[in-house]
Each structure stands twice: as structure tokens, then as C-alpha cells.
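[1] below is the sequence, then the predicted model.
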Amino acid sequence: MALTIILDIILAILIILLVVMLWLASYINRNNRFMVPKEEKYGVDIGLKALIIYQPSKHNTTYNMVMAAVDVFVKNGYEVTVNYPNKGVTYNMSDYDIILFGSPVYCGAVSKSLLFYLEHCIFAKNKIGIFLTGTSEASIADFEEIDKRIDNEKADVRKIKLGKGEEENMRKFVSEIIG
């Protein structure tokens with residue numbers, strides 16, 4: 001009798017652990033897969049250009065930050081190009097005055113597809129903003145993998161970690177980059 005209860009408890013714990021592992025795996029998988037490119041343009045081309053490359057998050061936090069950034073850029077006269085990081089997506093970075101890269105952070109990791117994309121970018125004297133979204137406080141480790149892929153001597157790089165509902169902080173961040 002006691003052995004059956006113990007085995008039932010162990011089985012229940014194993015089932016709970018399996019469900020938690022599958023749930024975490026779904027987040028990690030979404031963060032690391034290449035999305036189908038979906039280029040969108042906002043604003044009018046009057047000479048000022050911004051590029052935003054971002055990996056979407058499961059609950060749209062990263063997308064909401066992108067739209068807050070787009071709002072600031074358009075209000076300041078920029079034409080904005082937005083897309084996902086993908087092997088087939090290439091842009092001449094020297095065509096853009098400001099470039100933003102964004103990724104959610106799941107289980108302490110930045111999107112592998114964004115990191116892959118950054119490895120293939122050649123930067124000019126760009127202003128670059130890196131924004132990460134997630135529930136944890138920002139740490140240096142969150143940005144380390146990105147820092148390895150951007151030549152900080154060629155670019156003016158700024159960074160921010162944002163959580164859900166912090167669109168106003170994103171607007172301030174973009175406004176500071178614009179100057």
C-alpha cells in the first residue's frame with residue numbers, strides 16, 4: 001500500500017517534470033528557429049533610414065517594442081524597414097542611419113537565428129541599438145553573445161533590456177539613439 005502511494009507520487013512528479021520540460025522546449029525552439037522573412041516598410045523615404053531586425057517572442061513583447069520604435073522613427077522622419085533574421089535576408093548596413101536588433105531571452109539565451117544573422121553582417125559607421133526582452137533583470141551575459149558579433153569600433157552601440165509593458169522605455173531608448 002505505502003509502496004503504491006510512493007510510486008504514484010513519483011509518477012506524478014515525473015509527469016509534471018515532463019510537461020515543464022516540453023513547455024520550456026517550446027519557448028527555446030521558437031527563439032531559435034528561422035522565421036520566414038516578412039519585410040515591412042513604414043514612413044516615407046526622405047533620406048533618413050532605419051532598419052529593425054528582430055526575432056519575435058511567444059507573447060508579442062518583442063513585436064510591441066518594435067512597433068514602439070517604429071512609431072518614434074516615423075515621427076522623426078525615418079523610413080523604417082522591419083524584418084526577421086534569416087539566412088536569405090541581406091541588407092547593406094551602410095544604407096541605414098540606425099539599425100536595431102532585437103531578441104527575446106529564454107532560459108538565459110538570445111535567439112540563435114539572430115546571432116547567426118549578426119555573424120554575416122558587415123557594419124559601417126552605424127548607430128546600433130540592441131534590445132532584449134524578457135522577464136529577468138538585464139545582465140552582462142545577456143548581451144555577451146551579441147557583443148562578440150558586432151565591431152564596436154565601427155559602430156555606436158547602445159543596449160537595453162525590456163519587459164512586457166515597457167514600450168515607453170523603448171520609445172525613450174530610440175529617441176536617445178536618434179539624438
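    Perfect, I can see it now. Numbering: from 1, shown residues only.
[2] phi, psi for residue 135 please.
    phi -90, psi -20 (degrees, to the nearest 10).
[3] swap in residue 104?
    Main-chain dihedrals, residue 104, degrees, to the nearest 10: phi -80, psi 160.
[4] which stretches of this structure form helices?
    Using DSSP state H, the helices of the chain run over residues 2-32, 61-75, 112-119, 140-147, 167-178.
[5] and the average pLDDT for the fourth one is what?
    For helix 140-147, the mean per-residue pLDDT is 80.
[6] how about the second one?
    The pLDDT scores in helix 61-75 average 97.
[7] the last one too?
    In this model, helix 167-178 carries a mean pLDDT of 97.
[8] equivalent analysis for the first one, please.
    Per-residue pLDDT values over helix 2-32 give a mean of 73.
[9] how far is stretch 101-108 from where the chain is centred?
    Between the centre of stretch 101-108 and the centre of its chain there are 5 Å (CA atoms, centre = their mean, to the nearest Å).
[10] then stretch 111-127?
    Its chain's C-alpha centre and that of stretch 111-127 lie 12 Å apart, by CA atoms, centre = their mean.
[11] just the terminal-to-terminal distance for that stretch.
    Stretch 111-127 has an end-to-end distance of 21 Å (criterion: CA to CA, to the nearest Å).
[12] likewise for stretch 117-131?
    Length of stretch 117-131, first residue to last, CA to CA: 15 Å.
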